[in-house]
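**Student:** make a model of this:
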Amino acid sequence: MKYKSFAVSAIALAIMAAGNVAAEDKWVDVYGKINLTLDKVDEDNGDDQWELNSNASRFGIKGKGDAGGIEAFYVLEWEVDVSDNSKSSSDHIKGRNQIVGLRGGFGEVFAGRHDTPTKKLQKKVDLFNDLSGDIKHAFNGEVRADNIVQYSTPNMSGFKAKLAFVPGEDTGGDDGLADGTSIALEYSADNLTVGVSFDSDIEGTDVDTTRLVAQYKMDAWQFGLMYQDTENGSLDGDGLMGSVKFTSGDNAFKLQVIESDSWEAGVSSKVKYTSQTSLGWDRKLGKKTTFFTYLTLSEEGATEDEDTVFGLGLVQKF
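**Tutor:** Predicted coordinates:
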């Protein structure tokens, strides 16, 4: 019993020390998000069930500080499945973005594991990120790449570019410095953001993806649009997504529609839907707490089965 009390006290002191370091030097900042939903899943094949889902809940540490006139920074983030009853950490904890880098007047460079410029280009256009209406279920290109090296230019009058390459490391015969590449160009002015990205061999040899994204804010309204084309050498697929959000006080009302056959030329096992329609309502309960509910209607690509997911959720950030 004394040992347990000592261990709890030691953990508490460690967290307090981390907070003090973060406040003084910004080298250690603990953060995270729990995104838990209770979902009613109705599948066209007759499999209907209730599920408790963790939706990419995560925790991490990050920091930044002076490194001889430029800024050094790092991120170490993990996904945790808070609804999983497994006792094995390998079953419910996995790595997310984990990088180290430098930034200054020259821009920013980092290396490690990170979302590609194409994935990051979506910004907040995807209103149902991490849920069943996530664009990753209808589009490829949603890649968190291992062994990635990325350079981002400084902001130049609204223009910014991100260039990333992934060494093959003798995977499938690829052993070059830049066997996979991902490039994104963005422009932001006032309430408008537009961008285009190009992936080559990020998801496998001969898989090329082009993505165009636009986001516009007008008072309480936010509009998003995304078009994507994917080729794998023999097949060509494309898709279109539109989203709209209206915010009134602590409430946000959301609509998102997807039509896509990008899955035909993609390689991800998660990509399977040709169409999705999602409706949602978010209610902020506090600065870091949000209650939400949503409904997603999906048509599966290969079988044309229609699936429905209705969920109630809570997001708690820290």
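
**Student:** and the closest residue to Phe106 other than its chain neighbours, how many neighbours?
**Tutor:** Nearest residue to Phe106 in three dimensions, chain neighbours excluded: Pro154, at 7.2 Å (Cβ to Cβ, 6 or more residues apart in numbering). All C-beta atoms are positioned from the backbone trio N, CA, C, and that covers glycine. Per other Cβ atoms under 10 Å, the neighbour tally for Pro154 reads 13.

**Student:** can you check the pLDDT for the residue lying closest to Leu36 once chain neighbours are set aside?
**Tutor:** Of all residues not flanking Leu36 in the chain, Leu314 sits nearest, at 5.7 Å (Cβ to Cβ, 6+ apart). Listed pLDDT for Leu314 reads 98.

**Student:** in contact with Leu314, which residues?
**Tutor:** By Cβ atoms under 8 Å, 6 or more residues apart in numbering, Leu314 lies in contact with 34-37, 289-292.

**Student:** what ranges does this structure have for its helices?
**Tutor:** 2-25, 89-92, 117-120 (DSSP state H).

**Student:** rank those helices by mean pLDDT and give me the bottom one.
**Tutor:** For those, where the average pLDDT is lowest is helix 2-25, sitting at a mean of 45.

**Student:** any buried residues in stretch 151-162, and which?
**Tutor:** Buried residues in stretch 151-162, counting neighbours by 16 or more other Cβ atoms under 10 Å, are found at 152, 160-162.

**Student:** and the average pLDDT for that stretch is what?
**Tutor:** Across stretch 151-162, the average pLDDT comes to 97.

**Student:** and it, end to end?
**Tutor:** Using Cα to Cα, to the nearest Å, the end-to-end distance of stretch 151-162 comes out at 6 Å.

**Student:** return the distance of it from the chain's centre.
**Tutor:** 21 Å (Cα atoms, centre = their mean, to the nearest Å).

**Student:** quick one: contacts of it?
**Tutor:** 105-109, 117, 120, 150, 163-164, 182-189.

**Student:** shaky segments in the stretch 1-150 of the chain?
**Tutor:** Scanning the stretch 1-150 of the chain for pLDDT under 70 picks out 1-25, 85-91.

**Student:** 50 instead, please
**Tutor:** Scanning the stretch 1-150 of the chain for pLDDT under 50 picks out 1-24.

**Student:** likewise for the stretch 151-300 of the chain?
**Tutor:** Ranges of the stretch 151-300 of the chain meeting pLDDT under 50: none found.

**Student:** go again using 80 as the cut-off
**Tutor:** Low-confidence segments of the stretch 151-300 of the chain (pLDDT under 80): 168-176, 205, 263-272.

**Student:** how about Asn55, phi and psi?
**Tutor:** phi 50, psi 60 (degrees, to the nearest 10).

**Student:** ok, it - contacts?
**Tutor:** Under the criterion of Cβ under 8 Å, 6+ apart, the neighbours of Asn55 are 35-37, 130-131, 313.

**Student:** closest one of those to Asp250?
**Tutor:** Gly313 (15.8 Å; Cβ to Cβ).

**Student:** how about the nearest residue to the closest one, chain neighbours excluded?
**Tutor:** Using Cβ to Cβ, 6+ apart and skipping the chain neighbours, the partner closest in space to Gly313 is Thr37 (3.7 Å).

**Student:** beta partners of that neighbour?
**Tutor:** Assessed by DSSP bridges, Thr37 has beta-bridge partners Asn53, Gly313.

**Student:** now, of the contacts of stretch 151-162, which are buried?
**Tutor:** When those are checked for burial by 16+ other Cβ under 10 Å, the buried set is 107-108, 117, 120, 150, 163-164, 182-186, 188.

**Student:** Serialize these to CSV and add fields for distance to Ser243.
**Tutor:** Formatted as CSV, the entries for the buried ones among the contacts of stretch 151-162 read as follows, by distance: Cβ to Cβ, whole Å:
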residue, distance to Ser243
Gly107, 30
Glu108, 28
Pro117, 20
Lys120, 17
Gln150, 26
Leu163, 27
Ala164, 26
Ser182, 23
Ile183, 24
Ala184, 19
Leu185, 21
Glu186, 18
Ser188, 18
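
**Student:** OK, contacts around the nearest residue to Asp236 once chain neighbours are set aside?
**Tutor:** Once flanking residues are discounted, Asp236 sits nearest to Ala265: 5.8 Å by Cβ to Cβ, 6+ apart. Ala265 sits next to 140, 207, 230-232, 235-237 when contact means Cβ under 8 Å, 6+ apart.
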